[in-house]
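Asker: Here is a sequence with its predicted model. Questions after.
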Amino acid sequence: MDVGVIPNFTLFIQAALFLLFVLVLNLIYVKPYSRVIEERERIVKRNLEEASSLRDEAKNHLKKAEEILESARASANSVLESAKKEAAKIKSEILEKAEAEAEAEAARRVQEIRASLEEEKKKLDRAVRELAQSIVRKILGEAA
């Protein structure tokens, strides 16, 4: 039984087998797993960059859409204001025309009424003369 300072060869064989085992595990499991993890990280990074780019592009499109919408609102307000002014102008023209027609109609009716009144005055005057002559004849006829 030799307990000596010289180590047994089995210790070296076990150490070599352990290193070989670690090397095989590294080649079979660790490196492929690391490649998959790195590939996933690249994909995630690329997707994040693409999402950021798309977000910026969407913001630009939204800004352009808001500018176009604001321009359309201003244009619509301008057209609406123009239409209101045109409608007010047409309204005043129609009112003026209607007032002129009403005044002309009223003047014509007044003229007709005056003419009718004059005619009725003449008829009444004739009737009064005829009545007066009839009364005078009766009075003269009774007196005679």
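Answerer: Perfect, thanks for sending it.

Asker: only C-alpha atoms for contact and neighbour calcs from this point on.
Answerer: Fine.

Asker: gap between the most centrally placed residue in the chain and Glu66?
Answerer: Nearest residue to the geometric centre of the chain (Cα atoms, centre = their mean): Arg73, 7.1 Å. Relative to Glu66, Arg73 is positioned 10 Å away (Cα to Cα, to the nearest Å).

Asker: Could I get the full set of helices for the protein?
Answerer: 9-25, 31-143 (DSSP state H).

Asker: can I get the ones you listed in JSON lines with mean pLDDT?
Answerer: Shown next, in JSON lines, are the helices of the chain (pLDDT from 0 to 100):
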{"stretch": "helix 9-25", "mean pLDDT": "91"}
{"stretch": "helix 31-143", "mean pLDDT": "92"}
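
Asker: Report how many residues lie close to Lys91.
Answerer: With neighbours defined by other Cα atoms under 10 Å, the count for Lys91 comes to 12.

Asker: That one and Ala106: what is the separation?
Answerer: Lys91 sits at a distance of 22 Å from Ala106 (criterion: Cα to Cα).

Asker: Many thanks, I have nothing further to ask.
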